[in-house]
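Q: I would like to see how this sequence folds:
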Amino acid sequence: MPYGMTLSSLILDFCVRYTLATLPTDKSTIKHIHYVDDLAQLAQHQDDFFDLNQYTAPQGLPLTTEDFADEDEATFYGVTLSDGAKYISYSHDRWQKLLNTTLPPEPTLRDLLSVVALITHQPDLLPPFVEPCKNLLQSRIAVAANNTHWDAPADKSLIALIKSFLDLCSNSELPVLQRHIDVNIPIKIYTDASAYCIALVAYQKDQPVLLRQQVLSPRAKDLYHTNTKELHGIAFAIETLRRMEIDRRVHFNHITIYTDNTAAQSIVLNQRVSSVHGKQTIHLLKTLRYLQDITDDNLGRFTILHCTGPSNRADVYTRHPLLALLTNNDHYNDINFPPTTTNTTLSLMAIKRPASVTTLPSAKHPRTTSTTTPLSLPTTTCPPLDTSLLEILRTGATVNKNERQQLLHQLHHDYGHEGATTVNKRVRAFKISWPNVADEINKLTKQ
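A: Numbering: from 1, shown residues only. A predicted model of the protein is given here:
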C-alpha cells in the first residue's frame, strides 16, 4: 500500500476497512506492508498504521508494519532508494523514459499529453519547476482539445512549449532527499516569492529535506503587491509544516523561517497590519488571520528571520523562463478576470471609500455626507511624468505647486508606502529642491 503526503490517514483507514470487508475467511497469512513513497513519515518511530489496529485486532487481524528497503521493490512503486534506504529520489527508470521521449514529425494533442503524462504526481521528489510547468501544460493541451479534438494536429506554439519542457527536464537533476524528517532536529526554511510563483526549501543539518513550489493564481499574480506575495510565502511554509504535524501527530521543536522581505517579517512578528500598506491591507490582514488560525494562536513558536536576497536559498526556485511564459498565457488567466487595467474593481477594497451618512454621529465618528460617484480601487500603474516637467527636474530647480502636485499624483496610483517611496526616490534622483516633501506627503496620505 503506497502511502504518502497525498494520502491522508483517513484514506488509509478506509483502505484497511475495505480490505477487511473483502478478505477471505482465513486471515492468518495477511501482513500489511507499509511503504512510504515520499516525506510523509517524519520520524521512524511515528506510524499512523498502529492506530488502525483498533479496527483490525478485534477481527483477528493484528497487523504488522514493514518498510521497503530493497531498491528494486521501491523503484517498482515509483521511487529510488539509496544508501541503505536513507535517501529517496524519483524513479530513475521513469525519469530516463521521459528523457528518451521523442515527438513524431506532426504530433497531435494526444501525443503531447502522453509526454507530460509520463511524470507521476510526486512533487516532493521532482526537480524544480517540473511539476508546475507540467500542470500548466496539461491545462493548455486540454483547452486546445476542447476547442478541437484530441487527435487534431497540435499548434506549433504548443509543440515549442513541450520541447522547452523536455529541455527543462533534460537539464535538471533529480534531487536526492533524506527519507525521514526528524522533528527533534532544528529545521530551517527559506521562502521567496516572484511575480508568479512562491517557493520554500527546508534544510536539516544543512541538507535539503523538502522543496515546494506553488504557482500564484491569476488574481493573486495581478492584484497582490510584493509584500503580500512574500507573506503568502511565509504562510505557505507554516501551512506545510502544520499539515505534517497534524497528519503525523508530531511537533517540530525548532522552526526557523527566513524571508528577504522585512514587511512580511514585521507583520508575522508583531501580528498586526498597518494601514500604511494601502489597498493591500485587506489581503495582508486576511493572511495573518489565517496564520493565527492554523497555528492555534501560537504563531510565536515560529522564528521569523530576515536574510538578504543573495543568501535566500529559495530565490532560484521562483523564476524560470518557461514558467513565466506559461503563466502569462491567456489560457492561464481566469476568463472571468482578464488582467487588464479597465476592469471594474471591488469597492470594498478601495482605501478611499465613499463617505456614508451615519445614523448615530459621535465625536469619534462624525456625521458625513454621501458621495454620488463611488471610488474604485486605484491602479498600480505609475503614470509617466510630463516631458517638460522632467526637464525642469533635471536642472535641480525648485518645483512649484503644480509640479509638486503632479509628483504627488503618484500616490493616487500606488497608494500608501510604495507611492510615497517612489515620490521620494524621484526627488532624490532628480535633485529636486523640495524641503517640505515629507510634510506634504503625510498631509496627502491622511486625507
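Q: what's Arg110 in contact with, if anything?
A: Arg110 makes contact with 150-151, according to C-beta atoms under 8 Å, 6 or more residues apart in numbering. The way it works is simple: take the backbone N, C-alpha and C, and place the C-beta from them, glycine included.
Q: So it: helix, strand or coil?
A: What DSSP: H, G, I helix; E, B strand; the rest coil gives for Arg110 is helix.
Q: Over to Leu98?
A: Quick answer, by three-state DSSP: Leu98 is helix.
Q: pretty sure it contacts Phe165?
A: No - the criterion here is C-beta atoms under 8 Å, and Leu98 misses it with Phe165 at 9.9 Å.
Q: These two: who's more crowded?
A: Of the pair Leu98 and Phe165, Phe165 is the one with more neighbours under other C-beta atoms under 10 Å, namely 23 against 18.
Q: for the more buried one, helix, strand, or coil?
A: Strictly by three-state DSSP, Phe165 counts as helix.
Q: got it, and the one 10 residues further on?
A: For Pro175, the secondary-structure state derived from three-state DSSP is coil.
Q: correct me, but it touches Pro123?
A: No - the pair formed by Pro175 and Pro123 falls short of the contact definition of C-beta under 8 Å, at 11.1 Å.
Q: shaky segments in the stretch 1-150 of the chain?
A: Scanning the stretch 1-150 of the chain for pLDDT under 70 picks out 1-17, 20, 23-78, 84-85.
Q: quick one on the thing from earlier: spit out the residues that contact Leu98 and Phe165 alike.
A: Common neighbours of Leu98 and Phe165 (C-beta under 8 Å, 6+ apart) are Val115.
Q: All the strands of this protein, residue numbers only.
A: According to DSSP state E, the chain carries its strands in the segments 2-3, 35-36, 79-82, 87-90, 177-178, 187-193, 197-204, 207-215, 255-259, 302-306.
Q: Local confidence estimate at Ile432?
A: On pLDDT, Ile432 comes in at 68.
Q: swap that for Leu393, sorry
A: For Leu393, pLDDT reads 58.
Q: how is this structure carved up into domains?
A: Here the domain parsing of the chain from automatic domain parsing is 2-67, 89-170, 182-327, 344-377, 379-447.
Q: what's the distance between the nearest residue to Ile159 once chain neighbours are set aside and Leu99?
A: Leaving aside its chain neighbours, Ile159 sits nearest to Pro107 (6.2 Å; criterion: C-beta to C-beta, 6 or more residues apart in numbering). With distances taken as C-beta to C-beta, to the nearest Å, Pro107 is found 17 Å from Leu99.
Q: okay, now the closest residue to Leu322 other than its chain neighbours: neighbour count?
A: Distance criterion C-beta to C-beta, 6+ apart; nearest residue to Leu322, sequence neighbours excluded, is Ser164 at 5.1 Å. By other C-beta under 10 Å, 16 other residues sit near Ser164.
Q: likewise Ala324?
A: Residues near Ala324, counting by other C-beta under 10 Å: 13.
Q: Kindly provide the distance from it to Cys133.
A: For Ala324 relative to Cys133 (C-beta to C-beta), the value is 10 Å.
Q: what are the ranges of the helices in the stretch 251-400 of the chain?
A: Counting by DSSP state H, counting those that start in this stretch, residue ranges of the helices within the stretch 251-400 of the chain are 262-270, 281-294, 321-327, 387-394.
Q: For this protein, which helix extends over the most residues?
A: helix 226-248 (DSSP state H).
Q: tell me what that helix is packed against?
A: Helices and strands touching helix 226-248, by 3 or more C-beta pairs under 8 Å, 6 or more residues apart in numbering; DSSP states H and E, are strand 187-193, strand 197-204, strand 207-215, helix 218-223, strand 255-259, helix 262-270, helix 281-294.
Q: Dump those to TSV, plus distance to Glu230, mean pLDDT and mean neighbour count.
A: What follows is those, written out as TSV (distance: least, C-beta to C-beta, whole Å; pLDDT from 0 to 100; neighbours: other C-beta atoms under 10 Å):
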stretch	distance to Glu230	mean pLDDT	mean neighbour count
strand 187-193	5	95	25
strand 197-204	8	93	23
strand 207-215	13	90	19
helix 218-223	12	83	18
strand 255-259	6	95	21
helix 262-270	4	91	18
helix 281-294	10	88	16
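Q: Can you check which of these gets nearest to Lys425?
A: Using C-beta to C-beta as the criterion, the shortest distance between Lys425 and the helices and strands packed on helix 226-248 is 17.0 Å, found for helix 262-270.
Q: what's the closest one in contact with?
A: Residues contacting helix 262-270 (C-beta under 8 Å, 6+ apart): 227, 230-231, 233-234, 259, 273, 277, 284, 288, 291, 299, 302, 304-306.
Q: related to what we said a few turns ago, okay, the strands of the chain in a markdown table with distance to Ala154 next?
A: Formatted as a markdown table, the strands of the chain follow (distance: least, C-beta to C-beta, whole Å):
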| stretch | distance to Ala154 |
| --- | --- |
| strand 2-3 | 33 |
| strand 35-36 | 38 |
| strand 79-82 | 32 |
| strand 87-90 | 27 |
| strand 177-178 | 35 |
| strand 187-193 | 33 |
| strand 197-204 | 26 |
| strand 207-215 | 23 |
| strand 255-259 | 41 |
| strand 302-306 | 46 |
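Q: For the closest residue to Lys86 other than its chain neighbours, grab phi and psi.
A: Counting by C-beta to C-beta, 6+ apart, Arg179 is the residue found nearest to Lys86 once chain neighbours are left out, at 6.1 Å. Main-chain torsions, Arg179, degrees, to the nearest 10: phi -70, psi -40.
Q: Just give me the neighbour total for Thr22.
A: 6.
Q: which residues does it contact?
A: Thr22 neighbours (C-beta under 8 Å, 6+ apart): none.
Q: ok, it to Pro175 distance?
A: Thr22 is 38 Å from Pro175, by C-beta to C-beta.
Q: try Pro128
A: In terms of C-beta to C-beta, Pro128 sits 8 Å off from Pro175.
Q: Common neighbours of those two, please.
A: Leu211.
Q: Sort out which residues of stretch 237-254 are buried, please.
A: 237-242, 244, 247-248, 250, 252 (16 or more other C-beta atoms under 10 Å).
Q: any chance of those residues in JSON lines, with distance to Ile88 too?
A: Shown next, in JSON lines, are the buried residues of stretch 237-254 (distance: C-beta to C-beta, whole Å):
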{"residue": "Ala237", "distance to Ile88": "21"}
{"residue": "Ile238", "distance to Ile88": "24"}
{"residue": "Glu239", "distance to Ile88": "23"}
{"residue": "Thr240", "distance to Ile88": "18"}
{"residue": "Leu241", "distance to Ile88": "19"}
{"residue": "Arg242", "distance to Ile88": "23"}
{"residue": "Met244", "distance to Ile88": "16"}
{"residue": "Asp247", "distance to Ile88": "18"}
{"residue": "Arg248", "distance to Ile88": "17"}
{"residue": "Val250", "distance to Ile88": "19"}
{"residue": "Phe252", "distance to Ile88": "20"}
